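[1] give me a model of this one.
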Amino acid sequence: MRNVKIIYARELFSYFSSPMAYIFLVIFSLFNGYFFTNTFFLINQSDMRALFNVVPLIYLFFIPAITMGLIAREKSSGTIEVMSTLPIMDWEFVLGKYLAALTLVIVGLGFSLVHFITLMIAGTNIDYGAVITGYLGLIIVGAFYAAIGTFASGVTENQVVAFIIGVALVLFFFLMNMLLMFMPTWLSGIVQYMSVDYHLSNLSRGVIDSRNLIYFGTMIWLFLMLTVRLLEMRKWR
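    Numbers count the residues shown, from 1 in each chain. Sure, this is the predicted structure:
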């Protein structure tokens, strides 16, 4: 795991040594703050549900934006060829990059804890179990979308194209639950199970179901493995 740690630290440093991480964190926090205060002050809804509902929407564009350069940047600059000469396995390279992006997502979520503290100070009745599982759900969904973004970044050397592919794939899984009405009965169960919103809604209600965890774990593994296979394919070209 030493190589994974080195790549992880290198990628995380590249995030915070450029304006990208700070721009992401500021804009992400502003969006979260706007929707939280909207429900807290305007309609007197003193809970975290509005925030938990809007964060997945913000993810749709922010996560592909922070992952689009993970591998595409290395390809365009030619440094990925240098990496291939080093004693680093492809899966170590992908995992280190992926974990760095996931860390940035978790840090962004960490800033939203100020809203949770606000509710505690206000003395409202808080369902702590629902809050914990809600944050767990957001972290898991962020991990899934980061895996998709990592795969999209491995498809091309153009970061803009990687962003577009990432957004398209994330939207596909996000909107799948809304397509149920157009699906035949025999297919609706499969489509529902593949929907991110279906599994996230269970976690947001405070229900931790092994089926939801298996779904997210499998999909994260699938996209990371596809990314590794993409990198392995370049050796045969």
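[2] tell me the pLDDT at the nearest residue in space to Phe173 that is not next to it in sequence?
    In space, and not counting its chain neighbours, Phe173 is closest to Val196: 4.8 Å by Cβ to Cβ, 6 or more residues apart in numbering. No exception for glycine: its C-beta is placed from N, CA and C like everyone else's. pLDDT for Val196: 86.
[3] tell me the contacts of Val196?
    Val196 makes contact with 56, 141, 144, 173-174, 176-177, according to Cβ atoms under 8 Å, 6 or more residues apart in numbering.
[4] could you dump these into JSON lines with distance to Arg10, secondary structure and neighbour count added?
    Below are the contacts of Val196 laid out as JSON lines (distance: Cβ to Cβ, whole Å; DSSP: H, G, I helix; E, B strand; the rest coil; neighbours: other Cβ atoms under 10 Å):
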{"residue": "Pro56", "distance to Arg10": "29", "secondary structure": "helix", "neighbour count": "19"}
{"residue": "Val141", "distance to Arg10": "26", "secondary structure": "helix", "neighbour count": "24"}
{"residue": "Phe144", "distance to Arg10": "24", "secondary structure": "helix", "neighbour count": "25"}
{"residue": "Phe173", "distance to Arg10": "29", "secondary structure": "helix", "neighbour count": "17"}
{"residue": "Phe174", "distance to Arg10": "31", "secondary structure": "helix", "neighbour count": "19"}
{"residue": "Met176", "distance to Arg10": "35", "secondary structure": "helix", "neighbour count": "19"}
{"residue": "Asn177", "distance to Arg10": "38", "secondary structure": "helix", "neighbour count": "17"}
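[5] and these, which is closest to Ser77?
    Phe144 (27.8 Å; Cβ to Cβ).
[6] how about the strands in this structure?
    Taking DSSP state E, the chain contains no strands at all.
[7] show me where it has its helices.
    Taking DSSP state H as the criterion, the chain carries its helices at 2-16, 19-37, 49-67, 72-77, 79-84, 90-111, 113-122, 128-155, 159-175, 185-194, 196-204, 210-233.
[8] weakest of these by average pLDDT?
    When I compare those, helix 79-84 is least confident, with a mean of 72.
[9] how far is that helix from where the chain is centred?
    26 Å (Cα atoms, centre = their mean, to the nearest Å).
[10] go on, stretch 166-175?
    Worked out by Cα atoms, centre = their mean, stretch 166-175 lies 11 Å from the chain centre.
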